[in-house]
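Engineer: Just need the structure, nothing else, for what follows:
(2 chains, ligands or ions: 2)
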Amino acid sequence: MSITAADTDLMQQPAPEAEPRSALGRLLRDPGRVWGYIGIPIVVVASWIAVYRWIAGLELDSIEQRWLNADRVSRAIIEHIQLSLAATVLVIVIAVPLGIMLTRPFAKPLTPLFIGLANIGQAIPSVGLLFFLALPFLLGIGPRTAIVGVVAYCLLPVLRNTMVGIQQVDRALIEAGRGMGLTRGAVLARIELPLAVPVILAGIRTALILTVGTMVLATFINAGGLGDLINGGIVNNRTPVLLTGAVLTAGLALLIDWIAGIAEEVLRPRGL
Amino acid sequence: MEHMIRLDELTKRFPGQLAVDSVSMDIPEGEIVVFVGPSGCGKTTTLKMINRLIEPTSGRIFLEDEDVTRINADRLRRRIGYVIQQIGLFPHMTIASNIATVPRTLGWDKQRIAERVDELLELVGMDPEAYRDRYPKELSGGQNQRVGVARALAADPAVMLMDEPFGAVDPITRERLQNEFLRLQDEVNKTICFVTHDVDEAIKMGDRIAIFGDDHGIQQFDTPEMILSHPANEFVEDFLGSGAALKRLHLRRVREVALTAWPAAGVAEDRDTLREKLEDSEQSFLLLLDEQRQPVRWVSRRDLERGEGRMADRGLPVAAIIEPHATLHDALDEMITSNVGCAVVVDREGAYQGVVDIDPVMTAVNTLRAELRERLAVGSWHAVPTETVEEGTS
Ligand SMILES: Nc1ncnc2c1ncn2[C@@H]1O[C@H](COP(=O)(O)OP(=O)(O)OP(=O)(O)O)[C@@H](O)[C@H]1O
Ligand SMILES: [Mg+2]
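Structural biologist: Numbers count the residues shown, from 1 in each chain, chains lettered A, B, ... in the order given. Ligands and ions are numbered 1, 2, ... in the order given. Next comes the predicted model:
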């Protein structure tokens, strides 16, 4: 069969433009977004340089010198990144499979319960905070406890987004898949999960920011991180130390959000 | 094999809701059976019981004489093509991967899948080169619908289930897709169950029609001719609605009637030849064809004489174009909207064949009416008064 006259003008209907095939092409499609991508690291690095130059121009006393040297600051940064990374990996490893499981038919009755819990955790951050403060009595102090606490708190957005992401997949697509003889597992792997990826990634991005921010509290249970600088600045009444910790934390959070945003763009399935 | 599909007293009861009540049906190989009926009468449920997306409460399903009521449902479904109203193309997969869904599940090798995808795209009239790597959102509704059909045909199933497949497109596209699908069916010769709630579509598409009633059972299961001429009961009569005479025009296809030869000429011929051709005929318009003999313009004597300029820009565009597969009902529809009062018939390649005007339509109405009278005279007593009234006014 070939195309007939009657068909041809059906074919000539203006079909939407083909999407750029490469991830870079998609990133660059929208000039406004390009500025967002370049702008954030510039702002962050500029603020760090500004703080550095300000401190370099100061006459530091002995307490300040103890805090503000390359060794101490880089250790705080590295610890903070390590703790956050470990917590995020754990969050993903726990929340994504759990979220998937809770959307399976056998768990249907439990779904509203978990979504409700997740929402409460989000709406009242202090619940997570209380939990965090109670933990040392159960697990003792140190990095492990800090990670467990942050994971418990940051699990919720990923769990919720995984469930919502899977649930919002058009029923017709699932029916089409099942109707063609795909097994439940194949429908999950080939249809539901890929289509939920953008929503799940958004959840992970939120969790990352939360993790980096909340990890500041790790200092209270002797787990290190940038919280050390902030807290050290407060208890010793040394503004330069406090400010360094705060600017580094905020910048780190922004940079991580920036990387996650790019990852989101690149990992989003094409065609959506 | 006697029948491709046999339904034996299929019943489905949802909690507190009877959906299908003891439906039995034999569907011969290579036929299109249309399920039609009011909303909620159980068409979709019956269809989905055939591929066991819904498990029957009782009754049995046979496919090629094999009882498939209890076999592995996933494996059964890979033997049955399935097209749904929402089309259901996977938005994150290219057109090629969409079509390849079942072959991949069946473990075909890459080479074979790629060849099959291209073959199917060509079959549904889409250029593989241009479309295979696109995503569904980059196609129009009609194109997506064709891909949906191609996907269902991918593993060459003997049986296809289609639930209002043309329900989500505009009326003009729907008519084209219907004609195209009938032409396709001539090539692939599948056994098809087709759900619609549109009587005209049922009459046009069906080799047989099953009319479902509000009692969730089948009111009548017969050929369109028999259903139109011998509605089994008042429900069927009401459901067919008025204008049965007009609906009967769906039963005759354009290829079954004699086409009128219309004066036609190549668009590149010189003006004097064109004028001569027009004058030799009794018509007031000449049909211009391009190099592929596809109709392009209607031109009158005045258009021919008007000063300079390309011939292809003169006169009126040819709007009413139909294929031999179209029914006389479609032809009449096109004719009425055409500015010349007739519809141009083209073959598969789009090349000019002839035209249909009102005469063969009237002849068809008359013979169909005579056939009906004969049948009625033989002893059917159904619907005589209404038929007479309607035919008098049509
Ligand atoms: N999953 C279900 N649970 C309960 N009742 C259902 C279910 N699916 C269908 N029904 C009921 O069964 C009956 C038949 O439904 P079905 O979808 O087969 O109708 P249909 O003929 O396809 O109608 P339509 O033309 O509106 O698509 C309806 O009354 C419907 O409400
Ligand atoms: Mg239905």
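
Engineer: Just say helix, strand or coil for whatever residue of the stretch 251-394 of chain B ends up closest to chain A.
Structural biologist: Going by Cβ to the nearest Cβ, chain A is nearest to B:Gly350 of the stretch 251-394 of chain B, at 3.5 Å. For the C-beta atoms, the positions are set from N, CA and C on the backbone; glycine is no exception. Following DSSP: H, G, I helix; E, B strand; the rest coil, the label given to B:Gly350 is coil.

Engineer: Distance check, it against B:Met126.
Structural biologist: Distance of B:Gly350 to B:Met126, given as Cβ to Cβ, to the nearest Å: 16 Å.

Engineer: ok so, going back, my guess is the residue of the stretch 251-394 of chain B closest to chain A contacts B:Gln294, does it?
Structural biologist: Yes: counting by Cβ atoms under 8 Å, B:Gly350 does reach B:Gln294; the two are 4.5 Å apart.

Engineer: Can you tell me the centre-most residue of chain B?
Structural biologist: A centroid search over chain B (Cα atoms, centre = their mean) returns B:Gln178, at 2.8 Å, as the residue closest to the centre.

Engineer: Please apply the same query to chain A.
Structural biologist: By Cα atoms, centre = their mean, chain A has its centre lying nearest to A:Arg205, at 2.2 Å.

Engineer: B:Gly125: what secondary structure?
Structural biologist: coil.

Engineer: Residue 204: how many residues sit nearby?
Structural biologist: Since you didn't name a chain, this refers to chain A. By other Cβ atoms under 10 Å in any protein chain shown, 21 other residues sit near A:Ile204.

Engineer: switch to chain B, that's the one I care about
Structural biologist: A count of nearby residues for B:Lys204, using other Cβ under 10 Å, gives 25.

Engineer: Likewise for B:Ala319?
Structural biologist: With other Cβ under 10 Å as criterion, B:Ala319 counts 14.

Engineer: State the phi and psi torsions of it.
Structural biologist: phi -100, psi -40 (degrees, to the nearest 10).

Engineer: go on, B:Ile80?
Structural biologist: Main-chain torsions, B:Ile80, degrees, to the nearest 10: phi -130, psi 120.

Engineer: do you know how far it is from B:Gly107?
Structural biologist: Per Cβ to Cβ, B:Ile80 is found 18 Å from B:Gly107.

Engineer: OK, contacts around B:Asn339?
Structural biologist: With contact set as Cβ atoms under 8 Å, 6 or more residues apart in numbering or on different chains, B:Asn339 has these partners: B:Trp298, B:Leu316, B:Ala319.

Engineer: Export those as a markdown table, with columns for pLDDT.
Structural biologist: Below are those laid out as a markdown table (pLDDT from 0 to 100):
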| residue | pLDDT |
| --- | --- |
| B:Trp298 | 88 |
| B:Leu316 | 84 |
| B:Ala319 | 82 |
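
Engineer: how about B:Ile280, what does it touch?
Structural biologist: Careful, residue B:280 is Asp; it's not Ile. Counting by Cβ under 8 Å, 6+ apart, B:Asp280 has contacts B:Pro263.

Engineer: Quick check: the gap between it and B:Leu286.
Structural biologist: Taking Cβ to Cβ, one finds B:Asp280 at 10 Å from B:Leu286.

Engineer: Surely B:Ile80 touches B:Ala155?
Structural biologist: No: counting by Cβ under 8 Å, B:Ile80 does not reach B:Ala155; the two are 9.7 Å apart.

Engineer: Pull the contacting residues for B:Pro224.
Structural biologist: B:Ala202, B:Ile203, B:Gly206, B:Arg208, B:Ile209, B:His250, B:Leu251.

Engineer: Need phi/psi at it.
Structural biologist: Dihedral angles (degrees, to the nearest 10) for B:Pro224: phi -60, psi -40.

Engineer: so how far is B:Met205 from it?
Structural biologist: Here the distance between B:Pro224 and B:Met205 works out to 9 Å (Cβ to Cβ).

Engineer: Count the neighbours of the residue lying closest to B:Asp74 once chain neighbours are set aside for me.
Structural biologist: Nearest non-adjacent residue to B:Asp74, counting by Cβ to Cβ, 6 or more residues apart in numbering or on different chains: A:Gly181, 4.9 Å away. A:Gly181 has 24 neighbours, counted by other Cβ under 10 Å.

Engineer: Kindly confirm my reading that A:Gly181 is in a helix.
Structural biologist: No: assigned with three-state DSSP, A:Gly181 falls outside any helix and is coil.

Engineer: quick one: low-confidence ranges for the stretch 251-394 of chain B?
Structural biologist: Along the stretch 251-394 of chain B, the model assigns pLDDT under 70 to residues B:307, B:372-394.

Engineer: Show the backbone phi and psi for whichever residue of it sits closest to ligand 1.
Structural biologist: Minimum separation of the stretch 251-394 of chain B from ligand 1 (Cβ to the nearest ligand atom) falls at B:His329, amounting to 22.6 Å. B:His329 adopts backbone torsions of phi -60, psi -50, taken as degrees, to the nearest 10.

Engineer: if I pick it, what's in contact with it?
Structural biologist: If you count contacts by Cβ under 8 Å, 6+ apart, then B:His329 has B:Asp200, B:Lys204, B:Leu246, B:Lys247, B:Leu249, B:His250 around it.

Engineer: Write a PyMOL command that selects only the buried members of those.
Structural biologist: Buried residues among those (16 or more other Cβ atoms under 10 Å in any protein chain shown), as a PyMOL selection:
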select buried, chain B and resi 200+204+247+249+250
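
Engineer: State the pair within the contacts of B:His329 that is farthest apart.
Structural biologist: Farthest pair in those (Cβ to Cβ) is B:Lys204 and B:Leu246. Separation: 12.4 Å.

Engineer: B:Leu259 and B:Tyr352 touch, don't they?
Structural biologist: No: the pair B:Leu259 and B:Tyr352 does not pass the contact test of Cβ under 8 Å, sitting 10.1 Å apart.

Engineer: Can you check which residues contact both of the two?
Structural biologist: Shared contacts of B:Leu259 and B:Tyr352, defined by Cβ under 8 Å, 6+ apart, comprise B:Val345.

Engineer: how near is A:Arg33 to chain B?
Structural biologist: 20 Å (Cβ to the nearest Cβ, to the nearest Å).

Engineer: That residue is in what secondary structure piece?
Structural biologist: Using DSSP states H and E, the element containing A:Arg33 is helix A:31-56.

Engineer: could you give the mean pLDDT of stretch A:64-81?
Structural biologist: The average pLDDT within stretch A:64-81 is 91.

Engineer: Buried residues, it. List them.
Structural biologist: So for stretch A:64-81, counting by 16+ other Cβ under 10 Å, buried means A:Glu64, A:Trp67, A:Leu68, A:Arg72, A:Val73, A:Ala76, A:Ile77, A:Glu79, A:His80, A:Ile81.

Engineer: OK, contacts around the fifth one?
Structural biologist: When contacts are counted by Cβ under 8 Å, 6+ apart, A:Val73 touches A:Trp67, A:Leu229, A:Thr244, A:Leu248.

Engineer: Checking my notes, B:Pro157 in a strand, right?
Structural biologist: No: looking at B:Pro157 with three-state DSSP, it is coil, so not inside a strand.

Engineer: That one: how many residues sit nearby?
Structural biologist: Here the number of neighbours of B:Pro157 (other Cβ under 10 Å) works out to 20.

Engineer: Need the contacts of A:Val73 in TSV (columns: secondary structure and distance to chain B).
Structural biologist: Below are the contacts of A:Val73 laid out as TSV (DSSP: H, G, I helix; E, B strand; the rest coil; distance: Cβ to the nearest Cβ, whole Å):
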residue	secondary structure	distance to chain B
A:Trp67	helix	50
A:Leu229	helix	44
A:Thr244	helix	45
A:Leu248	helix	39
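
Engineer: ok, of those residues, which come out buried?
Structural biologist: Buried among these (16+ other Cβ under 10 Å): A:Trp67, A:Leu229, A:Thr244, A:Leu248.

Engineer: Please enumerate the helices of the stretch 251-394 of chain B.
Structural biologist: Shown for the stretch 251-394 of chain B, the helices assigned by DSSP state H, counting those that start in this stretch span residues B:271-280, B:301-305, B:328-337, B:358-378, B:384-393.
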